[in-house]
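Enquirer: Pasting the sequence and the predicted coordinates here, then a few questions.
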Amino acid sequence: DEIAVRREFTRSRRVSERVTIPEEVVEDEISATYRNGVSASEASRGSPDRRSGGVLEVHLPLVESEADEGGRKIDVAD
């Protein structure tokens, strides 16, 4: 399965991504992290009664310096 990703770069030093979630993914069980400039996300496929699909909006914080590049939690908006 492919997931569509759209990235938006703004002057506010944040990156936004909109990801289309396949129907078999449970939206409440999506987690994401940002570390050393790399974003990673995990999602669970659920039983038919728990599946949701839809669009997930992710906001990634950009860092000012390499010293700030520690682990960060990604803001995941429903």
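Expert: Structure received.

Enquirer: where does this protein have its least confident helix or strand?
Expert: Lowest on mean pLDDT, DSSP states H and E among the helices and strands of the chain sits strand 72-73, with a mean of 48.

Enquirer: okay, now residue 22: neighbour count?
Expert: Applying other Cβ atoms under 10 Å, we find 14 residues neighbouring residue 22. C-beta coordinates here come from the backbone N, C-alpha and C atoms, glycine included.

Enquirer: swap in residue 31?
Expert: 12.

Enquirer: Please apply the same query to residue 32.
Expert: Using other Cβ under 10 Å, residue 32 has 19 neighbouring residues.

Enquirer: Look up the pLDDT of it for me, please.
Expert: What the model reports as pLDDT for residue 32 is 75.

Enquirer: Check the one 10 residues further on too.
Expert: pLDDT recorded at residue 42 is 76.

Enquirer: How about it, nearest residue that isn't a chain neighbour?
Expert: Spatial nearest neighbour of residue 42, excluding adjacent residues (Cβ to Cβ, 6 or more residues apart in numbering): residue 31 at 5.3 Å.

Enquirer: helix or strand for the one you found, which one?
Expert: strand 25-35 (DSSP states H and E).

Enquirer: got the buried residues for that strand?
Expert: Buried residues in strand 25-35, counting neighbours by 16 or more other Cβ atoms under 10 Å, are found at 25, 26, 27, 30, 32, 34.

Enquirer: Could you work out the most separated pair of those residues?
Expert: 26 and 34 (21.8 Å; Cβ to Cβ).

Enquirer: who are the neighbours in contact with the residue lying closest to residue 30 once chain neighbours are set aside?
Expert: Of all residues beyond its chain neighbours, the one nearest residue 30 is residue 43 (4.6 Å), with distances taken as Cβ to Cβ, 6+ apart. Contact analysis of residue 43 by Cβ atoms under 8 Å, 6 or more residues apart in numbering lists 21, 25, 26, 29, 30, 31.
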